[in-house]
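Asker: okay, structure incoming, though there's no sequence with it:
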């Protein structure tokens, strides 16, 4: 399994965002329950999210990245990058 980083920048108004944000957080909870979420956080002032998660390949990583309600409903822009962890 490889590691992937999704950066999701919110472009919607706070009123339009509420339900989709809850769905996005639920997606993160599922990834965590599956043991696939390494880190997740919300960017300052509700600007968006950044997550590091495991996926077997780019195809699966893109499917995960696209499955957030924020992406499905067009309420933000996202970027996906493979990530190589540096261990010290």
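Answerer: Structure received. Note that the coordinates shown come from a computational prediction; the quantities given were computed from them, not determined experimentally.
Asker: can you map out the strands along this structure?
Answerer: Assigned by DSSP state E, the chain shows strands spanning 2-10, 37-43, 48-55, 76-83.
Asker: dump the ones you listed into TSV; add distance to residue 31 and mean pLDDT as well.
Answerer: Where C-beta positions appear, they are placed from N, C-alpha and C, glycine not excepted. As requested, these are exported to TSV (distance: least, Cβ to Cβ, whole Å; pLDDT from 0 to 100):
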stretch	distance to residue 31	mean pLDDT
strand 2-10	10	96
strand 37-43	4	96
strand 48-55	5	97
strand 76-83	14	96
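Asker: relative to residue 66, which of the ones you listed is closest?
Answerer: Nearest to residue 66 among these is strand 76-83 (8.0 Å), distances taken as Cβ to Cβ.
Asker: start and end of stretch 33-53, how far apart?
Answerer: End-to-end distance for stretch 33-53, by Cα to Cα, to the nearest Å: 12 Å.
Asker: and the contacts of that stretch?
Answerer: Residues from elsewhere that reach stretch 33-53 (Cβ atoms under 8 Å, 6 or more residues apart in numbering): 1, 3-10, 14, 17, 24, 28, 31-32, 54-55, 61, 64, 70, 76, 83.
Asker: returning to what we had before: need the strands of the chain in TSV (columns: mean neighbour count).
Answerer: Below are the strands of the chain laid out as TSV (neighbours: other Cβ atoms under 10 Å):
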stretch	mean neighbour count
strand 2-10	19
strand 37-43	14
strand 48-55	20
strand 76-83	14
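Asker: residue 83 bridge partners, please.
Answerer: Beta-bridge partners recorded for residue 83 (DSSP bridges): residue 3.
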